[in-house]
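**Q** build me a structure from this.
(one chain, ligands or ions: 1)
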Amino acid sequence: MDDALAALADDLRAADSAVALTGAGLSTASGIPSFRGEDGIWGEEFDPQSFHLRRFRRDPEGFWTDRVRLQERMLPDDVAPNAGHEALARLEREGSLTAVITQNTDGLHATAGTERLIELHGNARRVVCDDCGTRRDAEWAVALVADGDGPPTCECGGIYKPDVVLFGEDLDPAALSTARELVADSDVLVVAGSSLQVQPAASLPAQRDGATLAVVNYELTPFTASAEYDFRADVTEVLPALAQAVCGE
Ligand code: ZN
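**A** Model prediction:
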């Protein structure tokens with residue numbers, strides 16, 4: 001792995017633009033349960049249909065009661081960025097990473113200090129009024145619902161929705177087109193902790209235009225075979241080692 005890391009570090013240093021695309025593997029390394037897959041909470045603990053946009057519109061009170069239960073499971077009070085998040089923030093700070101595009105909604109990249117951040121599926125730490133688009137801290141809404149005063153309502157009369165892309169809801173087209181442009185303009189694309197099974201992340205690597213592709217993921221992805229670098233290893237080991245190889249001690 002060391003030779004490959006050193007070579008990827010050289011590529012990152014030489015790149016005019018480098019982008020990281022991250023998925024659930026970054027979150028699970030911080031102790032956040034995964035939604036999908038064998039141990040995923042969809043199906044076992046939570047019914048995905050309860051979090052459908054239709055449910056929110058039809059039964060906002062019931063939706064929010066379930067959502068608070070999910071939020072407490074997903075974002076426990078002590079959740080914190082891990083060495084993988086920190087490494088990506090460091091690479092950006094040192095000028096060797098242009099942006100992070102993430103499928104995760106936990107906000108941990110921002111907490112770690114990543115500044116140019118595209119959150120494709122939104123951010124569960126915020127809520128947004130379904131009518132006027134005003135945003136507020138999710139903590140406020142969660143406390144309100146937990147006290148039995150839900151659903152959280154806006155001054156305009158609208159109801160606050162978690163600021164994430166719900167089932168049945170489209171992605172923010174601006175975030176998606178920015179992500180596509182970043183990938184198309186990149187010289188190096190590092191996919192970390194994503195199996196690239198869920199759209200739109202699943203199609204983003206195909207937008208690269210000659211960029212070197214590195215995949216850091218335990219499982220095989222549809223792009224692993226065509227990647228220049230293939231690390232079947234832990235993101236919290238590979239990314240810090242990469243940051244160290246690029247930036248020094
Ligand atoms: Zn409003």
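**Q** which residues sit in contact with Ala206?
**A** Contacts here follow C-beta atoms under 8 Å, 6 or more residues apart in numbering; on that basis Ala206 touches Phe223. For glycine as for every other residue, the C-beta is placed from the backbone atoms N, C-alpha and C.
**Q** can I assume it sits in a helix?
**A** Yes: secondary structure assignment places Ala206 in a helix (DSSP: H, G, I helix; E, B strand; the rest coil).
**Q** got the residues of the chain near the ion?
**A** Proximity of the chain to the ion (C-beta under 5 Å from the ion) is limited to residues 129, 131-132, 134, 154, 156, 158.
**Q** from Gly84, how far off is the residue nearest the centre of the chain?
**A** Among the residues of the chain, the one closest to the centroid is Asn104, at 2.2 Å (C-alpha atoms, centre = their mean). Asn104 is 11 Å from Gly84, where distance means C-beta to C-beta, to the nearest Å.
**Q** related to what we said a few turns ago, most neighbours among the residues of the chain next to the ion, please name it.
**A** Within these, neighbour counts (other C-beta atoms under 10 Å) peak at Cys129, which reaches 20 neighbours.
**Q** and for that one, nearest residue in space, chain neighbours not counted?
**A** Cys154 (3.9 Å; C-beta to C-beta, 6 or more residues apart in numbering).
**Q** quick check: buried residues in the least confident helix or strand in the chain by mean pLDDT?
**A** Counting by mean pLDDT, DSSP states H and E, the chain has its least confident helix or strand at helix 41-44, which shows a mean of 81. Within helix 41-44, the residues that count as buried by 16 or more other C-beta atoms under 10 Å are 41-42.
**Q** and if you look at stretch 150-166?
**A** Of the residues in stretch 150-166, those buried (16+ other C-beta under 10 Å) are 150-152, 154, 158-166.
**Q** then stretch 168-185?
**A** Quick answer for stretch 168-185 (16+ other C-beta under 10 Å): 172, 175-176, 178-180, 182-185.
**Q** which stretches of this protein have low pLDDT?
**A** 1 (pLDDT under 70).
**Q** so what are the sheet partners of the longest strand along it and their directions?
**A** Scanning the chain for the longest strand, with DSSP state E as the assignment, gives strand 122-129. Within its sheet, strand 122-129 is paired with strand 135-137 (antiparallel), strand 160-164 (antiparallel), according to DSSP bridges.
**Q** from the chain's centre, how far out does that strand sit?
**A** With C-alpha atoms, centre = their mean, to the nearest Å as the basis, strand 122-129 stands 13 Å off its chain's centre.
**Q** tell me where this structure has helices.
**A** Taking DSSP state H, the helices of the chain run over residues 2-14, 24-28, 41-44, 53-58, 60-74, 83-93, 108-112, 138-146, 173-185, 235-247.
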